[in-house]
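Visitor: The amino acid sequence is not available; the structure is as follows:
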């Protein structure tokens with residue numbers, strides 16, 4: 001008698017520890033998306049994604065006696081440094097090209113959403129705060145309103161003042 005063996009293919013070839021780190025990065029990215037996306041539907045969706053990743057992180061941490069971004073400030077800072085750039089938008093990761101095509105535009109659009117308070121670096125190295133007046137995802141510049149004056153600022157020098 002012949003038997004058919006079905007083998008589940010892994011979507012990732014990672015060690016448990018690498019998977020654990022990636023989950024924490026993805027949790028932080030979901031947290032950012034939950035905060036910046038505008039619709040309640042999107043906020044709820046990213047909240048559910050976050051919750052699922054948090055549960056998995058906590059299970060792995062407990063099973064392997066590992067510190068994580070929820071209970072260790074050093075780990076939290078390390079994970080944050082993988083996502084947040086000093087003077088620009090967060091580095092989002094995408095599962096595949098299809099997900100990137102679907103989400104990258106929205107990530108940029110909502111990160112620099114009109115009316116959002118941003119901090120940007122001037123040529124002399126000082127920083128200033130204003131609100132986004134206009135931004136088109138993938139453009140190199142964001143237009144920032146500072147006391148009624150619109151200034152074009154490089155995206156690479158502009159980040160949200162608060163998340």
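Guide: All right, it came through fine. In this text the structure is predicted, and so the values were computed from the model without any measurement.
Visitor: Contact partners for the residue most central in space within the chain?
Guide: In the chain, the residue lying closest to the centroid (C-alpha atoms, centre = their mean) is residue 29, at 3.1 Å. Counting by C-beta atoms under 8 Å, 6 or more residues apart in numbering, residue 29 makes contact with 83, 90, 92-93. (Glycine included, C-beta is placed from N, CA and C.)
Visitor: ok, residue 23 touching residue 57?
Guide: Yes: counting by C-beta atoms under 8 Å, residue 23 touches residue 57, with 5.2 Å between them.
Visitor: centre of the chain versus stretch 119-127, how much separation?
Guide: When C-alpha coordinates are averaged (C-alpha atoms, centre = their mean, to the nearest Å), stretch 119-127 and its chain have centres 23 Å apart.
Visitor: Can you point out the buried residues in it?
Guide: Neighbour counts using 16 or more other C-beta atoms under 10 Å place 119-121 of stretch 119-127 among the buried residues.
Visitor: what's the closest of these to residue 160?
Guide: Distances from the buried residues of stretch 119-127 to residue 160 were compared by C-beta to C-beta; the smallest belongs to residue 119, at 7.6 Å.
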